[in-house]
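1. What follows is a predicted protein model with its sequence.
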Amino acid sequence: MIDQAGAVRIELTVNGRQRVLEASPHQSLLSLLRDDLGLTGTKACCLVGECGACTVSLNGRIVDSCLILAVEADGAELTTIEGLAADGPLTSLQRAFLEEGAAQCGYCTPGQVMAARDLLGRIPHPTKAEVQEGMGGNLCRCGCYYQITEAVLGAAAAAD
Amino acid sequence: MSGQIGVSAERVGGPARVTGAYQYVGDIRLADVLHVKLVTLPCAHARIRSIDVSAAERLPGVRLVMTAASLPQPVPRFGPQFQDRPVLAVDETKYHGEPVAAVAADTEDAAEAGARLVRIDYLELPPILSVAAALAPGAPLVQDPELRPGDPLAETNVLREHPVSWGDVAGAVSDLVVEGTYTFPMVTQFAIEPHGFMAAPDGDGVLIWSSIQHPYWLQKIIAEILGLPLAKVRVLAPDPGGAFGGKQHTKFEPLVAFIALRTGRPARLILTLEETFQAVRRMSAEVRVRTGFLSDGTITFREVEADYLLGAYADIADRAASKGSHISCGPYRVPAARIVARSILSHTPPATAFRGFGAPQPNWAVESNMDDAARALGLDPVELRLRNLARRGEEFIPHDTTVDGDWEQTIRRAAELIGWGTPLPAGRGRGVALGVKSGPTTGLSYATVRLLADGSVILYSGTSDMGQGSRTLFAQIAAEELGVPIDRITVVMGDTAVVPYDQQTSASRSTVLMGNAVLQACREIQAKVRAMAARLHGISETAIVVERGIVRLPDGPVTIVEILKPGLGSLGGEVIGNGESRKEAEPGHPLSGSAAFYEFNCTAVEAEVDEDTGNVAIVRHVTVSDVGKAINPLQVRGQDEGAAIQGLGHTFMEHYIFDESGRIRNLGAIDYRIPTSMDLPVELQSDIVENADGPGPYGAKGMSEGALICTAAAVAAAIRDATGVVIRDLPLTPERVWKALSERPLATAAAHEVAQRRVPG
């Protein structure tokens, strides 16, 4: 439903919580999360779907939230980085990132963790090559790629 | 907690990184904030005839349109070296992306729409985009000579020349002279966190938020521009999300400060990645190197001429040119040298610091020249380097710090790890290169440490932790010295109203300079605890030793915390320690001071070249750095590998592309590629040499840049080893390698441009 100002009413579930929001027709899902819901754990960088910093899970599939319109997420189920260890202990994947030194400046880390979580959901025991390919859409300028790979492989092993 | 040094303590602040809870500048929400959008032109160099802001000002939601005319006159200029950069473009733009106006509005949408409504009448002028164009007779001057009073170069596009020489180059007698000209591309820092700036009125002062490496330098510049006391400028600098040198210096903080003070509302400007590309980048360079050798490989002289291409404003790039070129002869015994670096202005975005700080450009040339020489002399490239390597204590650059490590150990370790000298399959080759960089030449860091009544600790430091892990390092030092677990230590950074002064976070200095300040602060606490123990036990202080968290009394050791509680008494309180660490300037030194330490690295790679496509795969990449002492080995590995991978970026793929208007055609992440997890060496091994011979705590040296400096030369040498082709221009894209392969006979001939017997220097 579009009101006079052009805003569209959307309903979606974010990290298990039902949300009803007004979104501009041109607003990205990234902006909705960060600016309207205050979920700034999802990071903004390239805004063209190349860096992976804004990776979130939409209906069980990861997307670059900068490339999805907020209105496209109407009715969707979303998980952001804030949904992973909400009020609880870190997930084994998040722990593995810390143990392997896979987060340096940390700005790309939420996107990396979301991508890795999705990868392990699809391939519970990936090879090193599968991790590097699966994480190929997430840039890390600190160059933690090997540590990230080790963290993902470590988390997979720990899940046994 | 002794035993905290040399262990891989988990990153302090790590949980907030993996949960997304850490708030970088752009994550901070301010009530009633104005969103700022920059207005730029689609060309580099243009004369601004007029600016019509009326339509933008009429747009609902737009609160202010700022132009040079609406700023104080003359428009304030600033910069770390030269006060040359205006807050907004004055009369003309000098690079693609230079803001002509800024629109502040209630929403981002309104700011963007308003920016599109600013009408600029301009005349496009020819841009200077290369060294050759800048130096051509009659070339337009990038900077107004009036901004350079008394400067003999003011009527040229050369900002500064940096000559350094020693020995008798002309009289040197050589068996072989090897020379070549090399180019290094224009690349950008590409921190994943785009640069963010906010400002708000703060009583009778101003509050600035910035993703900046040097909050105190920013404070000084804002205070000067606004005419405020330092104490009225509070800079909040959350940990940057990557910086790599690009976030060292003031950019748009003055602009947002003027907007905030003019409107009375907070102002926020978060650059897009494209705007960040237009805000920071590394100097490209053309470097000529000429070296004389005896037939046994001994260097007789070396000449380096390095033309660094700066942008339209100097930022800190001229300093990088002087510092990087000063050490450009490498870690060798060079009896005679002539080095001339020129920093050259152009109509391109302002170049600034970037990991390696002016050293990678000449290193690419000089280390490639060493490879040329080894082949021409019939010597092993490792052997040639060892034969000329300066050894511990030698003054390899006159009047500078002597060799401060066992560098041969580093080289031999790298050679061993890469399997130097062992047979290789066809299509593969190995290359080796050495990187050396001067650490900080001056420095001043203060630290405050508070040991609270319950034995927990708050540590205050003006360092910026941008991923290098300084919070963790400092916590480890305090844990070690005060006997406190790391999880009972809070490290406070990034607020000039709270943390004591620190000059800057650059040149891999913080572990050494701030680390020593933290250590000294802890030692002051130890001394106070010692006095407490003496009082409590009724003995002389001389009978007590406090070290590494332990108070050694005549009747046995106790912990610091065990003395603290009775020592503080019923009122409680705390014990405060202050530390100060200085690296004084040395008048007359060409760099204003000698190096606090050297970063030394040896990189060796094994590469496989696909002759059909020109694609180069790094099969093995070995980097060995002399770190003195690794306080946190995991973080050292992270920095070393990160530097190596960043080095592979300018080696293989990164470069700006300009059109004839000076527009950058590959702005942003689609057209400008940096290494991903799919671009890595099959195997990367980072190793360290530790002889506890650095000036930092426990013998540490800085180490975060070394592995980037010589990456390109090592890779190019491996390509040559595999194929025989010599390439002197970066990046080594498949296209460039393929082209060189297809022209191989010529390229091979060019490999030994000058190889004459018994020529005088």
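-> Cool, got the structure. Residues are numbered from 1 along each chain as shown, chains lettered A, B, ... in the order given.
2. Tell me how far the closest residue to residue B:572 other than its chain neighbours lies from chain A.
-> Spatial nearest neighbour of residue B:572, excluding adjacent residues (C-beta to C-beta, 6 or more residues apart in numbering or on different chains): residue B:453 at 4.1 Å. (Each C-beta comes from the backbone N, C-alpha and C, glycine too.) Applying C-beta to the nearest C-beta, to the nearest Å, the value for residue B:453 to chain A is 30 Å.
3. What number of residues are in the vicinity of residue B:453?
-> 15 (other C-beta atoms under 10 Å in any protein chain shown).
4. Just the local confidence number for it, please.
-> As predicted, residue B:453 sits at a pLDDT of 96.
5. Would you check that it makes contact with residue B:575?
-> No. Using C-beta atoms under 8 Å as the test, residue B:453 is too far from residue B:575 to be in contact (9.1 Å).
6. list residues touching both of the two?
-> B:564, B:568 (C-beta atoms under 8 Å, 6 or more residues apart in numbering or on different chains).
7. And the residue of chain A closest to chain B?
-> Here chain A gets closest to chain B at one residue, residue A:41, 2.0 Å apart by C-beta to the nearest C-beta.
8. so how far is chain A from residue B:458?
-> For residue B:458, the distance to chain A (C-beta to the nearest C-beta) stands at 22 Å.
9. Check which helix or strand that residue maps to.
-> strand B:457-461 (DSSP states H and E).
10. Just the buried residues of the helix or strand that contains residue B:132, please?
-> Element membership for residue B:132 (DSSP H and E) is helix B:131-135. Neighbour counts over helix B:131-135 (16 or more other C-beta atoms under 10 Å in any protein chain shown) mark B:131, B:133-134 as buried.
11. And for stretch B:147-165?
-> B:148, B:154, B:156-160, B:162, B:164.
12. Next step: those residues restricted to helices.
-> Of the buried residues of stretch B:147-165, none are assigned to helices by DSSP state H.
13. Serialize those to JSON lines and add fields for distance to residue B:250 and pLDDT.
-> Listed next are these as JSON lines, based on distance: C-beta to C-beta, whole Å; pLDDT from 0 to 100:
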{"residue": "B:148", "distance to residue B:250": "20", "pLDDT": "91"}
{"residue": "B:154", "distance to residue B:250": "24", "pLDDT": "96"}
{"residue": "B:156", "distance to residue B:250": "27", "pLDDT": "98"}
{"residue": "B:157", "distance to residue B:250": "24", "pLDDT": "98"}
{"residue": "B:158", "distance to residue B:250": "25", "pLDDT": "98"}
{"residue": "B:159", "distance to residue B:250": "19", "pLDDT": "98"}
{"residue": "B:160", "distance to residue B:250": "20", "pLDDT": "98"}
{"residue": "B:162", "distance to residue B:250": "24", "pLDDT": "98"}
{"residue": "B:164", "distance to residue B:250": "29", "pLDDT": "97"}
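14. I'd like the residues you listed as JSON lines, with distance to chain A appended.
-> Compiled in JSON lines, the buried residues of stretch B:147-165 are given as follows (distance: C-beta to the nearest C-beta, whole Å):
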{"residue": "B:148", "distance to chain A": "35"}
{"residue": "B:154", "distance to chain A": "38"}
{"residue": "B:156", "distance to chain A": "36"}
{"residue": "B:157", "distance to chain A": "32"}
{"residue": "B:158", "distance to chain A": "32"}
{"residue": "B:159", "distance to chain A": "29"}
{"residue": "B:160", "distance to chain A": "30"}
{"residue": "B:162", "distance to chain A": "30"}
{"residue": "B:164", "distance to chain A": "32"}
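15. Return the member of these nearest to residue B:475.
-> residue B:162 (39.5 Å; C-beta to C-beta).
16. Dig out what that closest one forms beta bridges with.
-> residue B:341 (DSSP bridges).
17. repeat for residue B:208
-> The partner residues for residue B:208, given DSSP bridges, come to residue B:199, residue B:235.
18. residues contacting it?
-> Counting by C-beta under 8 Å, 6+ apart, residue B:208 has contacts B:197-199, B:218-219, B:222, B:233-236, B:253, B:256-257.
19. Could you rerun that using 10 Å?
-> B:197-200, B:202, B:215, B:218-219, B:222, B:233-237, B:250, B:253-254, B:256-257, B:260, B:496 (C-beta atoms under 10 Å, 6 or more residues apart in numbering or on different chains).
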